[in-house]
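Using only what follows, build the 3D model:
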Amino acid sequence: MFGIPGKQAVTLTPAAAAQIRRLMEREGAKGLRIGVKKGGCAGMEYTMDYVRELDPNDEVVEQDGAVVAIAPMAQMFLFGTEIDYETSLLESGFRFRNPNVVDACGCGESIRFRDVEELAADRGEP
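Numbers count the residues shown, from 1 in each chain. Next up is the predicted model:
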């Protein structure tokens, strides 16, 4: 794990927790799995999928009835992130406030993280 003992890897705003609960109920899912993958103009993109079965390697965050599973490869990159759900006249969606992001593309769909060595050092890991 890439976390700090006793501290959740990510936090959810009340709006995000409510939306995740709605999605879990609507889809009959056990939660949402969040990850990252290579792609986009800044280098990485967030992924979100429904969880049908929890993976024992996932970091699981439960908050206000919402369940978020963080894929193993993404745990280091997402630690400290606040997930919100915003609704406006033109769009609605999840927003990630991630302290590990150093750059994002203009559309906000693609991000770039600090180097893996930097992230590990910040957490006191070898």
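
and residue 54, which of the three is it?
At residue 54 the chain is in coil, as set by DSSP: H, G, I helix; E, B strand; the rest coil.

Buried ones in stretch 50-63, by neighbour count?
By 16 or more other C-beta atoms under 10 Å, the buried positions in stretch 50-63 come out as 51, 58-61, 63. The C-beta positions use only the backbone N, C-alpha and C, and glycine is treated the same way.

same thing with stretch 26-34?
Neighbour-count burial for stretch 26-34 flags 29, 31-34 (criterion: 16+ other C-beta under 10 Å).

Is it possible to get TSV of the buried residues of stretch 50-63 that adds secondary structure?
Converted to TSV, the buried residues of stretch 50-63 look like this (three-state DSSP):
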residue	secondary structure
51	strand
58	coil
59	strand
60	strand
61	strand
63	strand
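
Take the buried residues of stretch 26-34 and keep only those in strands.
31-34 (DSSP state E).

which one in this structure is furthest away from the centre?
residue 89 (24.5 Å; C-alpha atoms, centre = their mean).

pLDDT value on residue 105, please?
Looking at residue 105, its pLDDT stands at 63.

from here on, count from 42
Got it, first residue is 42 now, which makes that one residue 146.

List the strands paired with the helix or strand hosting residue 78, with their directions.
Assigned by DSSP states H and E, residue 78 falls within strand 72-80. Sheet pairing of strand 72-80 (DSSP bridges) gives strand 84-92 (antiparallel), strand 107-111 (parallel).

which of these is buried the deepest?
Neighbour counts (mean count of other C-beta atoms under 10 Å) averaged over each of the strands paired with strand 72-80 peak at strand 107-111, with a mean of 23.

so how far is that one off the chain centroid?
9 Å (C-alpha atoms, centre = their mean, to the nearest Å).
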